[in-house]
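Student: predicted model, plus sequence, below.
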Amino acid sequence: MDRLRVCVVTSNRADFGLLRPLLEEAKASQQINLHLAATGAHLSHSHGYTLRDVWDAGFTDPTIIHADYGDGGLTATVEAFGTISHEAVRAMQEAHPDVIIVLGDRSEILAVVTAAFLLRIPIAHISGGEITLGSLDNQIRNAITIFSTWHFVASQDHANRVASMGINSDDIYVVGRLAHDEIRSMETVSQTILQRHLDVVLGNQLFVVTFHPATASMGDQAAVANNLTQALDAFPETSVVITGTNNDVGGREVAETLRRWAGLNSGRACYVQSLGSQKYISLLRIADCVIGNSSSGLVEAPLLGIPSVNIGDRQAGRDRSPTVTDCGIEVDQIRSAIDTATQVILCPTEQTTTSANQPTVSSLILETLLRRRPIV
(Lines give C-alpha, C1' and ligand atoms only; values in the text may rest on other atoms or scores of the structure.)
Protein backbone atom coordinates (compact mmCIF):
# COMPACT_ATOMS: atom_id res chain seq x y z
CA MET A 1 0.00 0.00 0.00
CA ASP A 2 1.25 3.49 -0.82
CA ARG A 3 2.27 5.77 2.01
CA LEU A 4 -0.38 8.15 3.31
CA ARG A 5 0.44 11.63 1.99
CA VAL A 6 0.03 14.03 4.92
CA CYS A 7 0.38 17.80 4.71
CA VAL A 8 0.70 19.59 8.05
CA VAL A 9 0.16 23.36 8.08
CA THR A 10 1.85 25.64 10.64
CA SER A 11 1.21 29.37 10.94
CA ASN A 12 3.14 30.60 13.98
CA ARG A 13 5.58 29.78 16.78
CA ALA A 14 2.84 28.48 19.09
CA ASP A 15 1.26 25.92 16.81
CA PHE A 16 4.65 24.74 15.54
CA GLY A 17 5.81 24.02 19.09
CA LEU A 18 2.71 21.92 19.68
CA LEU A 19 2.90 20.20 16.30
CA ARG A 20 6.61 19.41 16.44
CA PRO A 21 6.28 16.00 18.17
CA LEU A 22 3.56 14.98 15.68
CA LEU A 23 5.76 16.11 12.79
CA GLU A 24 8.68 14.11 14.11
CA GLU A 25 6.55 10.96 14.50
CA ALA A 26 5.11 11.40 11.00
CA LYS A 27 8.58 12.00 9.54
CA ALA A 28 9.87 8.79 11.13
CA SER A 29 6.90 6.68 10.05
CA GLN A 30 7.32 4.14 7.24
CA GLN A 31 3.62 4.54 6.43
CA ILE A 32 3.51 8.32 5.97
CA ASN A 33 4.89 10.69 3.38
CA LEU A 34 5.10 13.98 5.29
CA HIS A 35 4.84 17.41 3.70
CA LEU A 36 5.01 20.62 5.77
CA ALA A 37 3.59 23.99 4.76
CA ALA A 38 4.40 27.23 6.62
CA THR A 39 2.51 30.52 6.51
CA GLY A 40 1.37 33.45 8.62
CA ALA A 41 3.59 34.94 11.32
CA HIS A 42 6.36 32.44 10.51
CA LEU A 43 7.17 34.67 7.53
CA SER A 44 7.01 38.01 9.35
CA HIS A 45 10.32 39.63 10.34
CA SER A 46 8.48 41.85 12.83
CA HIS A 47 7.30 38.68 14.59
CA GLY A 48 10.72 37.05 14.74
CA TYR A 49 10.69 35.27 11.36
CA THR A 50 10.05 31.99 13.15
CA LEU A 51 10.46 30.04 9.92
CA ARG A 52 14.00 29.70 11.29
CA ASP A 53 12.58 27.59 14.14
CA VAL A 54 11.05 25.27 11.54
CA TRP A 55 14.41 24.92 9.78
CA ASP A 56 16.30 24.45 13.06
CA ALA A 57 13.94 21.61 14.01
CA GLY A 58 15.06 19.71 10.92
CA PHE A 59 12.23 20.61 8.56
CA THR A 60 14.41 22.37 6.05
CA ASP A 61 12.20 22.46 2.98
CA PRO A 62 8.64 23.46 3.88
CA THR A 63 6.32 24.80 1.22
CA ILE A 64 5.88 28.53 1.81
CA ILE A 65 2.34 29.91 1.65
CA HIS A 66 3.02 33.62 1.27
CA ALA A 67 1.07 36.44 2.91
CA ASP A 68 1.67 40.16 3.42
CA TYR A 69 0.11 41.73 6.52
CA GLY A 70 1.09 45.27 5.54
CA ASP A 71 0.35 47.70 8.35
CA GLY A 72 -1.32 45.01 10.46
CA GLY A 73 -4.75 46.65 10.18
CA LEU A 74 -8.13 45.11 9.44
CA THR A 75 -7.93 45.63 5.68
CA ALA A 76 -4.44 44.15 5.47
CA THR A 77 -5.57 41.13 7.50
CA VAL A 78 -8.46 40.46 5.11
CA GLU A 79 -6.20 40.90 2.09
CA ALA A 80 -3.71 38.45 3.63
CA PHE A 81 -6.52 35.93 4.04
CA GLY A 82 -7.21 36.11 0.31
CA THR A 83 -3.53 35.76 -0.56
CA ILE A 84 -3.15 32.71 1.67
CA SER A 85 -6.21 31.03 0.14
CA HIS A 86 -4.78 31.60 -3.33
CA GLU A 87 -1.29 30.42 -2.34
CA ALA A 88 -2.73 27.38 -0.58
CA VAL A 89 -4.02 26.07 -3.90
CA ARG A 90 -0.46 26.01 -5.21
CA ALA A 91 0.75 24.34 -2.00
CA MET A 92 -1.92 21.64 -2.22
CA GLN A 93 -1.07 20.98 -5.86
CA GLU A 94 2.58 20.60 -4.89
CA ALA A 95 1.94 18.28 -1.93
CA HIS A 96 -1.02 16.42 -3.48
CA PRO A 97 -2.02 15.30 0.04
CA ASP A 98 -4.44 12.59 1.05
CA VAL A 99 -5.18 14.65 4.16
CA ILE A 100 -4.10 17.95 5.68
CA ILE A 101 -3.61 18.38 9.42
CA VAL A 102 -4.30 21.74 11.04
CA LEU A 103 -4.34 22.95 14.62
CA GLY A 104 -6.42 25.54 16.35
CA ASP A 105 -8.06 28.74 15.35
CA ARG A 106 -5.92 31.19 13.37
CA SER A 107 -7.36 33.05 10.37
CA GLU A 108 -4.39 31.87 8.29
CA ILE A 109 -5.39 28.27 9.01
CA LEU A 110 -8.98 28.99 8.04
CA ALA A 111 -7.75 30.41 4.73
CA VAL A 112 -5.86 27.19 3.98
CA VAL A 113 -8.75 25.02 5.14
CA THR A 114 -11.19 26.90 2.91
CA ALA A 115 -9.02 26.16 -0.11
CA ALA A 116 -8.54 22.52 0.86
CA PHE A 117 -12.27 22.03 1.44
CA LEU A 118 -13.13 23.39 -2.00
CA LEU A 119 -10.40 21.19 -3.50
CA ARG A 120 -12.11 18.18 -1.82
CA ILE A 121 -9.06 17.40 0.33
CA PRO A 122 -9.94 15.75 3.68
CA ILE A 123 -9.02 17.86 6.72
CA ALA A 124 -8.00 16.68 10.19
CA HIS A 125 -8.56 19.41 12.79
CA ILE A 126 -6.89 19.38 16.20
CA SER A 127 -8.30 21.26 19.22
CA GLY A 128 -11.81 21.96 18.04
CA GLY A 129 -14.70 22.45 20.47
CA GLU A 130 -12.88 24.95 22.68
CA ILE A 131 -14.25 28.36 23.64
CA THR A 132 -12.44 31.71 23.65
CA LEU A 133 -15.15 34.34 23.74
CA GLY A 134 -12.76 37.28 23.95
CA SER A 135 -11.27 36.78 20.48
CA LEU A 136 -12.41 36.19 16.93
CA ASP A 137 -10.58 32.86 17.16
CA ASN A 138 -13.78 31.41 18.60
CA GLN A 139 -15.75 31.84 15.36
CA ILE A 140 -12.72 30.94 13.24
CA ARG A 141 -12.22 27.70 15.16
CA ASN A 142 -15.85 26.73 14.67
CA ALA A 143 -15.64 27.49 10.95
CA ILE A 144 -12.60 25.23 10.65
CA THR A 145 -14.54 22.53 12.49
CA ILE A 146 -17.41 22.72 9.99
CA PHE A 147 -15.02 22.37 7.05
CA SER A 148 -13.10 19.47 8.59
CA THR A 149 -13.47 15.73 8.09
CA TRP A 150 -11.96 14.37 11.33
CA HIS A 151 -11.74 16.02 14.71
CA PHE A 152 -9.13 15.41 17.42
CA VAL A 153 -10.19 17.12 20.64
CA ALA A 154 -8.81 17.52 24.13
CA SER A 155 -11.80 16.48 26.23
CA GLN A 156 -15.27 14.95 26.15
CA ASP A 157 -16.80 18.42 26.67
CA HIS A 158 -15.02 19.60 23.52
CA ALA A 159 -16.23 16.50 21.69
CA ASN A 160 -19.79 17.29 22.73
CA ARG A 161 -19.49 20.84 21.39
CA VAL A 162 -18.14 19.59 18.07
CA ALA A 163 -20.99 17.06 17.85
CA SER A 164 -23.50 19.84 18.55
CA MET A 165 -22.42 21.48 15.27
CA GLY A 166 -23.82 18.50 13.38
CA ILE A 167 -20.58 16.51 13.17
CA ASN A 168 -20.89 12.71 13.12
CA SER A 169 -19.66 11.37 16.47
CA ASP A 170 -17.77 8.60 14.61
CA ASP A 171 -15.46 11.30 13.25
CA ILE A 172 -14.64 12.83 16.66
CA TYR A 173 -11.75 11.48 18.75
CA VAL A 174 -10.88 12.51 22.30
CA VAL A 175 -7.07 12.31 22.36
CA GLY A 176 -5.97 14.97 24.86
CA ARG A 177 -3.76 17.99 24.26
CA LEU A 178 -0.69 18.11 22.06
CA ALA A 179 0.89 20.20 24.82
CA HIS A 180 1.42 16.93 26.73
CA ASP A 181 3.62 15.65 23.91
CA GLU A 182 5.45 18.95 23.62
CA ILE A 183 6.33 19.06 27.32
CA ARG A 184 7.15 15.36 27.70
CA SER A 185 9.45 15.32 24.69
CA MET A 186 11.21 18.64 25.22
CA GLU A 187 14.86 18.67 26.27
CA THR A 188 15.26 21.82 28.33
CA VAL A 189 18.20 24.19 28.37
CA SER A 190 19.91 25.50 31.50
CA GLN A 191 19.21 28.75 33.29
CA THR A 192 22.73 29.88 32.40
CA ILE A 193 22.02 29.46 28.69
CA LEU A 194 18.70 31.26 29.04
CA GLN A 195 20.34 34.22 30.81
CA ARG A 196 22.99 34.44 28.12
CA HIS A 197 20.38 34.33 25.36
CA LEU A 198 18.10 36.88 27.00
CA ASP A 199 20.83 39.18 28.38
CA VAL A 200 18.88 39.49 31.61
CA VAL A 201 19.47 38.31 35.17
CA LEU A 202 16.97 35.60 36.13
CA GLY A 203 16.68 36.39 39.81
CA ASN A 204 14.98 34.74 42.76
CA GLN A 205 11.54 35.42 41.30
CA LEU A 206 10.67 35.20 37.60
CA PHE A 207 7.56 36.28 35.70
CA VAL A 208 6.97 35.21 32.09
CA VAL A 209 4.61 37.61 30.31
CA THR A 210 2.75 37.13 27.05
CA PHE A 211 -0.05 39.55 26.22
CA HIS A 212 -1.97 39.62 22.92
CA PRO A 213 -4.77 41.89 21.66
CA ALA A 214 -8.26 40.73 22.58
CA THR A 215 -9.59 40.81 19.03
CA ALA A 216 -13.27 40.58 19.96
CA SER A 217 -12.90 43.93 21.71
CA MET A 218 -12.57 47.28 19.97
CA GLY A 219 -11.06 48.85 23.10
CA ASP A 220 -7.56 50.29 23.38
CA GLN A 221 -5.45 47.17 23.82
CA ALA A 222 -2.24 49.20 24.19
CA ALA A 223 -3.84 50.90 27.20
CA VAL A 224 -4.45 47.49 28.79
CA ALA A 225 -0.83 46.55 28.09
CA ASN A 226 0.20 49.78 29.81
CA ASN A 227 -1.90 48.80 32.85
CA LEU A 228 -0.03 45.50 32.89
CA THR A 229 3.33 47.27 32.95
CA GLN A 230 2.18 49.49 35.83
CA ALA A 231 1.18 46.37 37.76
CA LEU A 232 4.63 44.89 37.09
CA ASP A 233 6.18 48.05 38.56
CA ALA A 234 4.89 46.83 41.94
CA PHE A 235 7.40 43.94 41.78
CA PRO A 236 10.72 45.78 41.28
CA GLU A 237 12.88 42.87 42.46
CA THR A 238 11.33 40.38 40.03
CA SER A 239 12.89 39.35 36.73
CA VAL A 240 10.45 39.68 33.83
CA VAL A 241 10.70 38.07 30.41
CA ILE A 242 8.12 39.35 27.92
CA THR A 243 7.51 37.36 24.74
CA GLY A 244 6.19 39.02 21.61
CA THR A 245 2.64 39.50 20.43
CA ASN A 246 1.02 37.59 17.60
CA ASN A 247 0.04 39.16 14.27
CA ASP A 248 -3.51 40.08 15.25
CA VAL A 249 -4.87 43.57 14.67
CA GLY A 250 -3.52 45.83 17.43
CA GLY A 251 -0.53 43.62 18.09
CA ARG A 252 2.03 46.19 16.99
CA GLU A 253 0.76 48.82 19.43
CA VAL A 254 0.72 46.32 22.29
CA ALA A 255 4.22 45.16 21.42
CA GLU A 256 5.58 48.71 21.40
CA THR A 257 4.11 49.39 24.85
CA LEU A 258 5.65 46.24 26.32
CA ARG A 259 8.97 46.70 24.53
CA ARG A 260 9.27 50.27 25.82
CA TRP A 261 8.68 49.16 29.42
CA ALA A 262 11.26 46.39 29.11
CA GLY A 263 13.77 48.93 27.83
CA LEU A 264 13.15 51.15 30.84
CA ASN A 265 13.76 48.16 33.12
CA SER A 266 16.75 46.65 31.38
CA GLY A 267 18.82 44.32 33.52
CA ARG A 268 15.82 42.74 35.19
CA ALA A 269 13.43 42.72 32.23
CA CYS A 270 13.60 42.00 28.53
CA TYR A 271 11.31 41.77 25.52
CA VAL A 272 11.99 38.97 23.05
CA GLN A 273 9.83 38.50 19.98
CA SER A 274 10.13 34.72 19.95
CA LEU A 275 12.01 32.31 22.19
CA GLY A 276 11.28 29.15 20.24
CA SER A 277 9.62 26.15 21.87
CA GLN A 278 12.65 24.75 23.66
CA LYS A 279 13.69 27.98 25.37
CA TYR A 280 10.08 28.92 26.13
CA ILE A 281 9.27 25.62 27.86
CA SER A 282 12.64 25.78 29.65
CA LEU A 283 11.77 29.26 30.89
CA LEU A 284 8.31 28.19 32.06
CA ARG A 285 9.85 25.39 34.11
CA ILE A 286 11.73 27.90 36.28
CA ALA A 287 9.05 30.63 36.31
CA ASP A 288 7.15 31.65 39.42
CA CYS A 289 4.17 32.96 37.45
CA VAL A 290 2.93 33.25 33.88
CA ILE A 291 1.08 36.51 33.23
CA GLY A 292 -0.98 37.78 30.29
CA ASN A 293 -3.77 36.37 28.16
CA SER A 294 -2.05 33.71 26.07
CA SER A 295 -3.31 30.14 25.87
CA SER A 296 0.02 29.02 27.37
CA GLY A 297 -1.16 30.39 30.72
CA LEU A 298 -4.17 28.07 30.58
CA VAL A 299 -2.53 25.02 28.98
CA GLU A 300 1.24 24.65 29.34
CA ALA A 301 1.64 26.49 32.66
CA PRO A 302 -0.87 24.30 34.56
CA LEU A 303 0.71 21.15 33.14
CA LEU A 304 4.03 22.29 34.61
CA GLY A 305 2.51 23.28 37.94
CA ILE A 306 3.15 26.99 37.35
CA PRO A 307 0.51 29.49 38.55
CA SER A 308 -0.77 31.94 35.97
CA VAL A 309 -2.66 35.22 35.83
CA ASN A 310 -5.16 35.55 32.99
CA ILE A 311 -5.98 39.18 32.20
CA GLY A 312 -9.25 40.28 30.63
CA ASP A 313 -11.68 38.30 28.48
CA ARG A 314 -9.52 37.04 25.60
CA GLN A 315 -9.69 33.49 27.00
CA ALA A 316 -13.25 33.81 28.35
CA GLY A 317 -15.12 30.51 28.27
CA ARG A 318 -12.02 28.36 27.95
CA ASP A 319 -11.50 25.45 30.33
CA ARG A 320 -9.15 26.40 33.14
CA SER A 321 -7.25 24.76 35.95
CA PRO A 322 -7.42 25.96 39.58
CA THR A 323 -3.85 27.15 38.96
CA VAL A 324 -5.24 30.05 36.89
CA THR A 325 -6.17 33.36 38.54
CA ASP A 326 -8.49 35.47 36.38
CA CYS A 327 -8.61 39.23 36.70
CA GLY A 328 -9.86 42.39 35.06
CA ILE A 329 -7.82 44.86 33.03
CA GLU A 330 -7.24 47.60 35.61
CA VAL A 331 -3.86 48.10 37.29
CA ASP A 332 -5.05 47.21 40.80
CA GLN A 333 -6.87 44.11 39.56
CA ILE A 334 -3.78 42.80 37.76
CA ARG A 335 -1.46 43.56 40.68
CA SER A 336 -3.81 41.85 43.15
CA ALA A 337 -4.08 38.78 40.92
CA ILE A 338 -0.29 38.51 40.71
CA ASP A 339 -0.09 38.72 44.51
CA THR A 340 -2.67 35.95 44.82
CA ALA A 341 -1.11 33.68 42.21
CA THR A 342 2.42 33.91 43.59
CA GLN A 343 1.29 32.84 47.07
CA VAL A 344 0.18 29.43 45.82
CA ILE A 345 2.59 26.47 45.88
CA LEU A 346 1.75 24.01 43.13
CA CYS A 347 3.02 20.74 41.69
CA PRO A 348 3.06 19.48 38.10
CA THR A 349 -0.17 17.73 37.14
CA GLU A 350 -0.32 13.98 36.70
CA GLN A 351 -0.30 14.23 32.91
CA THR A 352 3.29 15.50 32.77
CA THR A 353 4.58 12.48 34.67
CA THR A 354 2.76 9.81 32.65
CA SER A 355 4.82 6.78 31.65
CA ALA A 356 6.81 7.20 28.48
CA ASN A 357 5.28 3.89 27.30
CA GLN A 358 1.82 5.42 27.11
CA PRO A 359 0.77 6.33 23.55
CA THR A 360 1.37 9.96 22.71
CA VAL A 361 -1.39 12.26 21.49
CA SER A 362 0.53 12.53 18.22
CA SER A 363 0.58 8.75 17.71
CA LEU A 364 -3.14 8.49 18.45
CA ILE A 365 -3.86 11.07 15.76
CA LEU A 366 -1.58 9.53 13.14
CA GLU A 367 -2.75 5.97 13.82
CA THR A 368 -6.36 7.08 13.48
CA LEU A 369 -5.68 8.75 10.13
CA LEU A 370 -3.89 5.64 8.87
CA ARG A 371 -6.85 3.54 9.95
CA ARG A 372 -9.41 5.90 8.44
CA ARG A 373 -7.19 6.29 5.37
CA PRO A 374 -9.09 8.63 3.04
CA ILE A 375 -9.76 7.90 -0.61
CA VAL A 376 -9.45 11.02 -2.75
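Tutor: Thanks, I have it.
Student: now residue 152: phi and psi?
Tutor: With angles defined as degrees, to the nearest 10, residue 152 sits at phi -120, psi 110.
Student: looking at it now. What's its pLDDT?
Tutor: pLDDT recorded at residue 152 is 98.
Student: swap in the one 3 residues further on?
Tutor: Predicted confidence (pLDDT) for residue 155: 95.
Student: tell me what the residue nearest to it when sequence neighbours are not counted is bridged to.
Tutor: Leaving aside its chain neighbours, residue 155 sits nearest to residue 174 (6.4 Å; criterion: Cβ to Cβ, 6 or more residues apart in numbering). Quick note: C-beta positions are derived from backbone N, CA and C, even for glycine. With DSSP bridges as the criterion, residue 174 is bridged to residue 153.
Student: residue 174: what's it in contact with?
Tutor: 153-156, 158-159 (Cβ atoms under 8 Å, 6 or more residues apart in numbering).
Student: what about it, distance to residue 320?
Tutor: Distance, residue 174 to residue 320, by Cβ to Cβ, to the nearest Å: 19 Å.
Student: what residues are up against residue 22?
Tutor: 8, 101, 178, 181, 361-362, 365-366.
Student: please identify the buried residues of stretch 15-23?
Tutor: 15-23 (16 or more other Cβ atoms under 10 Å).
Student: burial measure for residue 305, as a count.
Tutor: 16 (other Cβ atoms under 10 Å).
Student: from what I can see it touches residue 322, true?
Tutor: No: judged on Cβ atoms under 8 Å, residue 305 makes no contact with residue 322 at a distance of 11.4 Å.
Student: circling back to that earlier point, from the contacts of residue 22, which land in helices?
Tutor: Within the contacts of residue 22, residues falling in helices by DSSP state H are 178, 181, 361-362, 365-366.
Student: residue 263: which of those residues is nearest?
Tutor: residue 178 (34.6 Å; Cβ to Cβ).
Student: what's the helix or strand for the residue nearest to that closest one when sequence neighbours are not counted?
Tutor: Excluding the flanking residues, the one nearest residue 178 by Cβ to Cβ, 6+ apart is residue 18, at 4.2 Å. Assigning secondary structure by DSSP states H and E places residue 18 in helix 13-28.
Student: about what we covered before: farthest pair in the buried residues of stretch 15-23?
Tutor: Among these, 15 and 21 lie farthest apart (Cβ to Cβ), at 12.5 Å.
Student: strands of the protein, residue ranges please.
Tutor: Assigned by DSSP state E, the chain shows strands spanning 4-10, 32-38, 63-64, 99-103, 123-126, 150-153, 172-174, 206-210, 239-243, 269-272, 289-292, 308-311, 324-327.
Student: right, so of those strands, which gets closest to residue 200?
Tutor: strand 269-272 (4.3 Å).
Student: mind listing what's buried along that closest one?
Tutor: Of the residues in strand 269-272, those buried (16+ other Cβ under 10 Å) are 269-272.
Student: could you do stretch 315-325 as well?
Tutor: 315-316, 318, 320-321, 323-325.
Student: and the furthest pair within these?
Tutor: Longest span within the buried residues of stretch 315-325, Cβ to Cβ: 316 and 323, 17.5 Å.
Student: surely residue 173 meets residue 155?
Tutor: No: applying Cβ under 8 Å, one finds residue 173 not in contact with residue 155, separated by 11.6 Å.
Student: neighbour count for those two, which is higher?
Tutor: residue 173 (18 against 15).
Student: any idea how far that one is from residue 60?
Tutor: Taken as Cβ to Cβ, the span from residue 173 to residue 60 is 31 Å.
Student: what helices or strands is the top helix by length along the chain leaning on?
Tutor: Ranked by residue count under DSSP H, the longest helix found in the chain is helix 74-95. When contacts are defined as 3 or more Cβ pairs under 8 Å, 6 or more residues apart in numbering; DSSP states H and E, helix 74-95 packs onto strand 4-10, strand 32-38, strand 63-64, helix 107-118.
Student: care to break the protein down by domain?
Tutor: Domain segmentation of the chain under automatic domain parsing yields 4-185+356-371, 191-344.
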